[in-house]
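S.K.: Please find the sequence and the predicted model below.
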Amino acid sequence: MWFAIHRAPHRRTLAVVDPVTPSEVAFPPEDRPVGRRALLGMLGLGGVGILWGAKAQARMEEVLRPLTINDQTGLSSFLPSTGRFRIYTVTGTLPGRSEADYRLTVEGDVDNPITLDLADLRDGLPQTSMTKDFQCVTGWRVTDVPWKGVKLPDLLNDAGVRPGATHVRFWSFDGAYTETLTLEQAQRDDVLVAHQMQGKPVTREHGGPVRLYVAPMYGYKSLKWLDRIEVVSALDEPTDPGYWENLGYDVDAWVGRSNGLDDTPT
């Protein structure tokens, strides 16, 4: 079964963990790596940012983002984040889709497949707000993040999940990133199809216009650039629970109870 995937040891770096052999490659090998000398310089700049304060550090993170996105060494995980998000992508680029062009489909083993635009998600469906931490498996956390959107269980109910469905698969319009939850996990009230975070529309950098937010799990479950939700009775491939899981991360990504980590639950 797919859930028997090998689970490799985990370290708090940007490195992707290979299911057999630990690897220090954070993004696909065709992406150009950032040199070790450049990243050591980044670490020094990060230290300067601490001395200057949070505003300077935030500006420094913005300036260094093109380098950290393509970091294949893992060194950028040591940059201080001042409690801010770090921007990761599995393709080395930030995909974009305009608000006017955005569509979200809910399909698969459902009675009523649906397609929603951004107005539907913002105004046409019941809205849910929550304030929860975001915990990355690499070790950093952003506390008390305000989120707003539509509860995933509400979308699944509207689509009419058929008897026998077991999982929900999520697809990103970046063309590479996928995730899955069991149907039971997907029906939790703290799983959100989010169109707003930190009081503003979800930005492109953070996975907008719409992203998934799975409150009790590590950040890799909260898929960015959400494009399609598919209800399935069985996964198509025996080892296809999601992009990061295929690289060795735990399928059930509960904060503090997975990946060999003991973080405080979110």
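M.R.: Everything's here; your move. Small disclaimer: the values here were computed from a predicted structure and weren't measured.

S.K.: what sits against Val232?
M.R.: Gly108, Asp109, Ala165, Thr166, His167, Val168, Arg169 (Cβ atoms under 8 Å, 6 or more residues apart in numbering). Placement of C-beta: from N, CA and C, glycine included.

S.K.: And those residues, which of them are buried?
M.R.: Gly108, Asp109, Ala165, His167, Val168, Arg169 (16 or more other Cβ atoms under 10 Å).

S.K.: Distance to Asn246, secondary structure and pLDDT added to the contacts of Val232, as a markdown table?
M.R.: Converted to a markdown table, these look like this (distance: Cβ to Cβ, whole Å; DSSP: H, G, I helix; E, B strand; the rest coil; pLDDT from 0 to 100):
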| residue | distance to Asn246 | secondary structure | pLDDT |
| --- | --- | --- | --- |
| Gly108 | 20 | strand | 96 |
| Asp109 | 23 | coil | 96 |
| Ala165 | 22 | coil | 95 |
| Thr166 | 19 | coil | 94 |
| His167 | 15 | strand | 95 |
| Val168 | 17 | strand | 97 |
| Arg169 | 13 | strand | 96 |
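
S.K.: and which of the residues you listed is nearest to Ser129?
M.R.: Val168 (22.3 Å; Cβ to Cβ).

S.K.: how about the closest one, what does it touch?
M.R.: Neighbours of Val168 in contact, by Cβ under 8 Å, 6+ apart: Leu152, Leu156, Thr180, Leu181, Thr182, Leu183, Ala186, Ile229, Glu230, Val231, Val232.

S.K.: Of those, select the buried ones using a ChimeraX command.
M.R.: Buried residues among the contacts of Val168 (16+ other Cβ under 10 Å), as a ChimeraX selection:
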select :152,156,180,181,183,186,229,230,231
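
S.K.: quick one: low-confidence ranges for the stretch 151-266 of the chain?
M.R.: 236-239 (pLDDT under 70).
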